[in-house]
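1. give the three-dimensional model of this entry:
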Amino acid sequence: PPPRVSEVAALGSEVPLPVAMATTMRVLLLALLALVAHSEQAGEVQTPPAKPLLELPVELPATEENRQVESARTPTTKNVRCTCNISPTSHVCVQKFFSLMECSGSCGADCKEANAGFYGCISDRGMRWFKRFGHSWADC
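-> Numbers count the residues shown, from 1 in each chain. Sure, this is the predicted structure:
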């Protein structure tokens with residue numbers, strides 16, 4: 001436990017800075033809690049009803065701008081590939097997915113079914129690195 005305020009005051013300038021800061025913060029926090037408790041008892045503080053931090057409409061109004069935003073959020077092509085190792089320099093795609101989250105949920109099992117080692121979920125850009133490093137690649 002941190003030292004008490006009286007112990008810190010008795011040591012004066014010999015107190016290491018982190019100990020002095022922790023003790024000061026503890027005193028300030030206790031004073032703040034006491035002030036809040038006193039204000040609540042006196043009826044001075046009214047706590048507002050709990051609200052969610054962020055309120056979003058469930059459905060966006062049907063405007064052209066909102067349609068464009070929604071279509072940008074929804075991928076239309078499967079650009080994420082579940083990639084397995086056949087050897088350290090030979091890789092194979094076993095399945096394509098729309099998103100990384102969708103791929104990461106089943107890729108390990110897909111590689112196991114294909115009797116290959118799990119490499120990971122990669123994008124088109126990651127696939128190009130295989131070629132640059134001279135690795136062989138078999139697409140889906």
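2. lowest-confidence helix or strand of the chain?
-> One helix or strand of the chain scores below all others by mean pLDDT, DSSP states H and E: helix 5-11, with a mean of 57.
3. pLDDT of the biggest helix by length in the chain, averaged?
-> Taking DSSP state H as the criterion, the chain has its longest helix at helix 17-41. Averaged over helix 17-41, pLDDT sits at 74.
4. what about residue 87, how many residues nearby?
-> For residue 87, the count of nearby residues is 10 (other Cβ atoms under 10 Å). For every residue, glycine as well, the C-beta is placed using N, CA and C.
5. where does it land on pLDDT?
-> Looking at residue 87, its pLDDT reads 90.
6. coming back round to it: counting by contacts, list what the longest helix of the chain packs against.
-> helix 5-11 (3 or more Cβ pairs under 8 Å, 6 or more residues apart in numbering; DSSP states H and E).
7. in three-state terms, label residue 120 for me.
-> Under DSSP: H, G, I helix; E, B strand; the rest coil, the three-state class of residue 120 is strand.
8. in this structure it contacts residue 107, no?
-> Yes: with contacts counted by Cβ atoms under 8 Å, residue 120 reaches residue 107, the gap being 7.0 Å.
9. got a list of what residue 82 touches?
-> 93-97, 103, 106-107, 110-111, 121 (Cβ atoms under 8 Å, 6 or more residues apart in numbering).
10. where exactly do the helices run in this protein?
-> Along the chain, counting by DSSP H, helices occupy 5-11, 17-41, 64-73, 100-104, 107-113, 124-132.
11. list the buried residues of stretch 122-134.
-> Going by neighbour count (16 or more other Cβ atoms under 10 Å), the buried part of stretch 122-134 is 122, 127, 130.
12. so where's the chain shaky on pLDDT?
-> Scanning the chain for pLDDT under 70 picks out 1-21, 40, 42-62, 66-75.
13. now do 80
-> 1-25, 29, 32, 35-77 (pLDDT under 80).
14. quick one on the thing from earlier: now that we have the contacts of residue 82, which of them are buried?
-> Going by neighbour count (16+ other Cβ under 10 Å), those have 93-95, 97, 103, 107, 110-111, 121 buried.
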